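Participant: with the input below, show me the fold.
(2 chains)
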Protein chains: 2
Amino acid sequence: MNDIISEIEDIFHSQSLAIYGVSRKGGLGNILLQGFIDQEFPNLFIINPRITEPDMEILGVPVFPDLYSVGKPIDLAICSTHPKYVKDIIIECGKYGVKAVVIFSAGFGEKGEQGKKAEQELLEIAQKYNMRLVGPNCMGFYCPETGLSFFPALPTESGSLGFISQSGSIANILAFSSMLKGIRFSKSISYGNAVDLGFNDFLEYLGEDPKTNIIACYMEGIDDGRRFIKLVKNIKKPIIIWKAGATGAGSKAAHSHTGSLSGNDKLWNNIFEQYGVNRVYNLEEMVSMIQAFINPMPVDGRRVAIISGPGGPAVSSADAVEMNNLKLADLTDESKSKLREYIPEFGSSMSNPIDLSLQATFDPILEKNAYEIVGNDPNVDMMLIWLTMLTPRYKDLLKLQDEISKPISIVSGIDVNVSADSFSKKVKRSFIHIRAKKVPDIIKNLNQKGISIHPNEHLAAKALYNIYRFYNSNSN
Amino acid sequence: MNDIISEIEDIFHSQSLAIYGVSRKGGLGNILLQGFIDQEFPNLFIINPRITEPDMEILGVPVFPDLYSVGKPIDLAICSTHPKYVKDIIIECGKYGVKAVVIFSAGFGEKGEQGKKAEQELLEIAQKYNMRLVGPNCMGFYCPETGLSFFPALPTESGSLGFISQSGSIANILAFSSMLKGIRFSKSISYGNAVDLGFNDFLEYLGEDPKTNIIACYMEGIDDGRRFIKLVKNIKKPIIIWKAGATGAGSKAAHSHTGSLSGNDKLWNNIFEQYGVNRVYNLEEMVSMIQAFINPMPVDGRRVAIISGPGGPAVSSADAVEMNNLKLADLTDESKSKLREYIPEFGSSMSNPIDLSLQATFDPILEKNAYEIVGNDPNVDMMLIWLTMLTPRYKDLLKLQDEISKPISIVSGIDVNVSADSFSKKVKRSFIHIRAKKVPDIIKNLNQKGISIHPNEHLAAKALYNIYRFYNSNSN
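Facilitator: Below is the predicted model of the structure:
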């Protein structure tokens, strides 16, 4: 473990936190603090020089006018004040022996030359005191294991996803949309302008972190392309990157957002392609791809079997499979004749894509049997299953997966988190449904067995292709 | 109005229905019948020769052994029996003077040469009696205005969307996913193997139907390409087509699904491009594009303003705008200086994409003011707004739209139908939220003012581009 890696590890294991920018009237600082309270972070102290009364508390956390008044060692500080106060806070933290400061405050490098100078000055001060900086213009860390947080009400349960984001709000939105999909984090890191610790440092850290099995990132640009290439080449965990600033308009926007240079997009694509990085283009796609890589089943062939109740989506899924560089599996004659025993003769299709017909809506055994026959077919490497909506039959797939261990993508035509809760009673009568509040745990269980759920067949097929590539490209 | 059009109009205004295939033990026929009951269709009669007891009822509908026993005129019949009974039913209907028969039963043309012969024979019988056929292998019609239906629990409220689908299940799934998005139908038509009435007939009909303002379609192939081209050239309503069978694998699947020949996909794309047809590739995209065309605001420029709370999605939205052949609007100096009064100095951006910063999460006035300033900017033709989730602030947009009437696309990072219902109480405290059950009506109101909601920025931008193209291509 090199110095930076062990320093980041120390930050994640901070035992005491001083937070600047919390006020009596509330605001962003108070929101950040509530996040730590919700995670039961052990030793919290508010620093606010304007509050001088003794024994003051905000949100139940003691307030001190400065660090010296705390009188206890502080591992980590968070600075959420107006930018004009940041320099003095950094000096105070440095002198007091704080190990690292997360600068939430914006108004630095992303605002042009003067801001860049100001943040360089902060770096010089920090380096003088051997203190690390995160930000400015960032949300900092969420680590349920050790109680770090950047927003209230995030899950306290840990998971295997490590996330790195140049945009604080994306780290935040991903945490919430992941909650609905049962995805849990080892660490989520929002690093903003990266005056000190930056993308590559955190990527290297998550690459070595034994708690992290899958790495996802939002980035607009990075400083050291060579180091990035070396890292993605060496890290054997799946990496998913949402790289924004792909176009002229996007690059310009990225520059005013985080001061980033987006670089040549073709070059980025070549790098991603060469080193098996899974590029995504929006949040929806990222959540889809994360699910696929929570616990991907090893696979060495690209022959996909499609099972669908509705016939139209079966055709469209066959398109999606071919568009994503995969092949339709030829079922064995044995499988076909077994299917013939269960699938209705009419309105259905026994050859891949397997169309169970509308009958599947009313006959649960039909789907179960089809899953088993097709899943066990030696000519089938992976499965794509198109459902109108998620039903309790997911249990059949969980059981089957214990036998077959093949990558499985599910499409849920009606958003999986909606379930039948949003329908009228009349509609509920017509569908076998599950309650919306159970959906996140169900998806979590499915993901942990290598089964992911997608909003359309194109993302479902892309997920299967990416898993295939992960296990079969030279770089892995 | 030509003959076919007026015949289809007559079918939609049927006053009496005979349904074959309803049984005491239940099944698909009973499901179809329940759909008509839910829509309060006036005169329903079950025909089942095996039930000979007098005064029998199933689901409250009287059962007769044959049409003659009914003794009243029958406008429409639905045949949902085993295929081997269909021929005799068609003969019975023809002799009795039924005007049209929907053949739900599958097991015809899609099963090969013998099936094709069998359905040709049905057509000959029907023609002899001057009776129209729909199907086989289809779901038939849903028309809330006149009470036709193909599934229980569909909305009884009418809307402006006319839908044509070769796949019955897609007609059905679209009806349910549309329900969650507040989309309402004038007519939905599932025509299956199209032995008699087919895609072009229904397209022509919806093109002339005064109740239909927007036409969406799922198709795998059509027989008469020239007629199709003539129709899309002449119809001035927006047309959205999900054309499956785009690849070799998809074409093959389409052939076994509905017996269709998918044709050369490049040729299809050229036709769609030339005549301004909006092609989509899956259900999610179709629902997105339908929303955009419920009531599209006229526009003659392609300059888009992006407003986002989160900064990362603002950058990604700028990419999406450029990728979809649109331009970022240059705000006037007046707008920029007005924005400066409201938007926080730090962590935000006043130039397009406008990044309101995290502050927007806590300060509702900020968003409202930004919408007004940017919406009224003469350099802005259209708006793309990226939200973490739908909040009650949608009302500000509804009001603004009365002044500006510009196309507006909203992205909801967290699925719009999920709302805060699915979050824990803790999270609800952190977001200004709306109840999930109110979402469909809210979306309906937004759509009716030219504001559509999308699951990601790429679909949001594509929707804006398609609206621009609709009003500015030569064919329209």
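
Participant: the helix or strand of chain A with the lowest mean pLDDT: what's the following helix or strand?
Facilitator: When each helix and strand of chain A is scored by mean pLDDT, DSSP states H and E, helix A:425-430 comes last, with a mean of 65. Downstream of helix A:425-430, the next assigned helix or strand under DSSP states H and E is helix A:439-448.

Participant: that next one - what's its average pLDDT?
Facilitator: The average pLDDT for helix A:439-448 rounds to 94.

Participant: also stretch A:397-412?
Facilitator: So the average pLDDT for stretch A:397-412 ends up being 97.

Participant: next: stretch A:110-129.
Facilitator: 94.

Participant: and it, anywhere near chain B?
Facilitator: Yes - for stretch A:110-129, a contact with chain B is found by CB under 8 Å from any CB of the partner chain, at residue A:111. Where you see a C-beta, it was placed from the backbone N, CA and C, and this is true even at glycine.

Participant: per-residue pLDDT of residue A:11, please?
Facilitator: 97.

Participant: and it, what does it touch?
Facilitator: A:75-76, A:99-100, A:132, A:134, A:141 (CB atoms under 8 Å, 6 or more residues apart in numbering or on different chains).

Participant: residues of the stretch 251-400 of chain A that sit close to chain B?
Facilitator: Residues of the stretch 251-400 of chain A found near chain B (CB under 8 Å from any CB) are A:252-254, A:256-258, A:281-285, A:309-316, A:318-323, A:327-328, A:345-349, A:351, A:353, A:355, A:357-359, A:362, A:388.

Participant: let me see the domain layout of chain A.
Facilitator: Under the assignment automatic domain parsing, the domains of chain A span A:3-134, A:140-292, A:303-472.

Participant: what's the closest of those to residue B:161?
Facilitator: Residue B:161 lies closest to domain A:303-472 among the domains of chain A, at 17.3 Å (CB to CB).

Participant: can you measure across that closest one, start residue to end residue?
Facilitator: One end of domain A:303-472 sits 14 Å from the other (CA to CA, to the nearest Å).

Participant: stretch A:330-350 too?
Facilitator: Using CA to CA, one end of stretch A:330-350 lies 11 Å from the other.

Participant: all strands of the stretch 351-476 of chain A, in order?
Facilitator: A:354-355, A:382-387, A:408-412, A:451-454 (DSSP state E, counting those that start in this stretch).

Participant: now distance to residue B:382 and mean neighbour count too, for those, in JSON lines please.
Facilitator: Formatted as JSON lines, those follow (distance: least, CB to CB, whole Å; neighbours: other CB atoms under 10 Å in any protein chain shown):
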{"stretch": "strand A:354-355", "distance to residue B:382": "40", "mean neighbour count": "27"}
{"stretch": "strand A:382-387", "distance to residue B:382": "34", "mean neighbour count": "27"}
{"stretch": "strand A:408-412", "distance to residue B:382": "31", "mean neighbour count": "27"}
{"stretch": "strand A:451-454", "distance to residue B:382": "29", "mean neighbour count": "28"}
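
Participant: which one of those strands lies nearest to residue B:28?
Facilitator: If we rank the strands of the stretch 351-476 of chain A by CB to CB, the stretch that ends up nearest is strand A:354-355, at 15.3 Å.

Participant: and that closest one, what's its mean pLDDT?
Facilitator: 88.

Participant: run through who's touching that strand.
Facilitator: A:305-311, A:314, A:331, A:339, A:343, A:347-349, A:370, A:374, B:256-257.

Participant: show me those that map onto helices.
Facilitator: In this view, those that belong to helices under DSSP state H are A:311, A:314, A:339, A:370, A:374, B:256-257.

Participant: give the contact list for residue A:451.
Facilitator: The contact partners of residue A:451, taken as CB under 8 Å, 6+ apart, are A:394, A:397-398, A:401, A:408-410.

Participant: repeat that with 6 Å
Facilitator: A:397, A:408 (CB atoms under 6 Å, 6 or more residues apart in numbering or on different chains).

Participant: residues in a beta bridge with it, which ones?
Facilitator: Counting by DSSP bridges, residue A:451 is bridged to residue A:408.

Participant: how far off centre is stretch A:310-324?
Facilitator: Offset of stretch A:310-324 from its chain centre (CA atoms, centre = their mean, to the nearest Å): 27 Å.

Participant: just stretch A:83-96 next, same as before
Facilitator: So, by CA atoms, centre = their mean, the centroid of stretch A:83-96 is 32 Å from its chain's centroid.

Participant: report the buried residues of it.
Facilitator: A:83, A:86, A:89-90, A:92-94, A:96 (16 or more other CB atoms under 10 Å in any protein chain shown).

Participant: model confidence over it, on average?
Facilitator: Mean predicted confidence for stretch A:83-96 is 97.

Participant: equivalent analysis for stretch A:305-321, please.
Facilitator: Rounded mean pLDDT across stretch A:305-321 is 91.

Participant: can you tell me the closest non-neighbouring residue to residue A:16?
Facilitator: residue A:43 (3.8 Å; CB to CB, 6 or more residues apart in numbering or on different chains).

Participant: what are the phi and psi values at that neighbour?
Facilitator: With angles defined as degrees, to the nearest 10, residue A:43 sits at phi -120, psi 100.

Participant: from residue B:124, how far off is it?
Facilitator: 87 Å (CB to CB, to the nearest Å).

Participant: between the two, which one's more packed in?
Facilitator: Comparing residue A:43 with residue B:124 by other CB atoms under 10 Å in any protein chain shown, the one with more neighbours is residue A:43, at 16 against 10.

Participant: can you count the residues close to residue A:55?
Facilitator: Using other CB under 10 Å, the number of residues around residue A:55 comes to 6.

Participant: helix or strand: which one has it?
Facilitator: Here residue A:55 is assigned to no helix or strand, by DSSP H and E.

Participant: tally of neighbours for residue A:236?
Facilitator: Other residues close to residue A:236 by other CB under 10 Å number 11.

Participant: state the distance from it to chain B.
Facilitator: The gap separating residue A:236 from chain B is 27 Å, by CB to the nearest CB, to the nearest Å.

Participant: how is that residue assigned, secondary-structure-wise?
Facilitator: coil (DSSP: H, G, I helix; E, B strand; the rest coil).

Participant: how about it, what does it touch?
Facilitator: No contacts exist for residue A:236 under CB under 6 Å, 6+ apart.

Participant: chain B contacts on the stretch 101-250 of chain A?
Facilitator: A:106-107, A:152-153, A:167, A:169-170, A:173, A:177, A:180, A:218, A:220, A:244-247, A:249-250 (CB under 6 Å from any CB of the partner chain).

Participant: what about the helices in the stretch 201-350 of chain A?
Facilitator: Ranges of helices in the stretch 201-350 of chain A, per DSSP state H, counting those that start in this stretch, are A:225-234, A:248-258, A:265-274, A:283-292, A:311-323, A:333-342.

Participant: which among the buried residues of stretch A:83-96 gets closest to residue B:14?
Facilitator: Distances from residue B:14 to the buried residues of stretch A:83-96, taken by CB to CB, are shortest for residue A:83, at 71.1 Å.

Participant: could you verify my assumption that that closest one touches residue A:103?
Facilitator: No - between residue A:83 and residue A:103 there is no contact under CB atoms under 6 Å: 8.9 Å.

Participant: returning to that earlier point: write the PyMOL selection for whichever of the residues of the stretch 101-250 of chain A next to chain B are buried.
Facilitator: This is how PyMOL selects the buried members of these, with burial counted by 16+ other CB under 10 Å:
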select buried, chain A and resi 106+107+152+153+167+169+170+173+177+180+218+220+244+245+246+247+249+250
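
Participant: which one of the strands of the stretch 351-476 of chain A lies closest to residue B:120?
Facilitator: strand A:354-355 (23.5 Å).

Participant: buried sites along stretch A:396-415?
Facilitator: A:396-397, A:400-401, A:404, A:406-415.

Participant: for that stretch, output the C-alpha coordinates as PDB.
Facilitator: Coordinates of the C-alpha atoms in stretch A:396-415 are reproduced here as PDB (Å, rounded to 0.1, in the frame of the first residue of the first chain):
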ATOM      1  CA  ASP A 396     -38.000 -19.500  -9.800                       C
ATOM      2  CA  LEU A 397     -35.000 -17.700 -11.400                       C
ATOM      3  CA  LEU A 398     -33.200 -17.500  -8.100                       C
ATOM      4  CA  LYS A 399     -33.500 -21.200  -7.600                       C
ATOM      5  CA  LEU A 400     -32.500 -22.000 -11.200                       C
ATOM      6  CA  GLN A 401     -29.400 -19.800 -10.900                       C
ATOM      7  CA  ASP A 402     -28.100 -22.100  -8.100                       C
ATOM      8  CA  GLU A 403     -27.900 -24.900 -10.800                       C
ATOM      9  CA  ILE A 404     -26.900 -23.000 -13.900                       C
ATOM     10  CA  SER A 405     -24.900 -19.900 -12.900                       C
ATOM     11  CA  LYS A 406     -25.300 -18.100 -16.200                       C
ATOM     12  CA  PRO A 407     -25.600 -14.300 -16.700                       C
ATOM     13  CA  ILE A 408     -29.300 -13.400 -16.800                       C
ATOM     14  CA  SER A 409     -30.800 -10.000 -17.800                       C
ATOM     15  CA  ILE A 410     -34.400  -9.200 -17.100                       C
ATOM     16  CA  VAL A 411     -36.400  -6.500 -18.900                       C
ATOM     17  CA  SER A 412     -39.400  -5.100 -16.900                       C
ATOM     18  CA  GLY A 413     -41.700  -3.400 -19.400                       C
ATOM     19  CA  ILE A 414     -43.400  -1.500 -16.600                       C
ATOM     20  CA  ASP A 415     -40.800   0.100 -14.300                       C
END
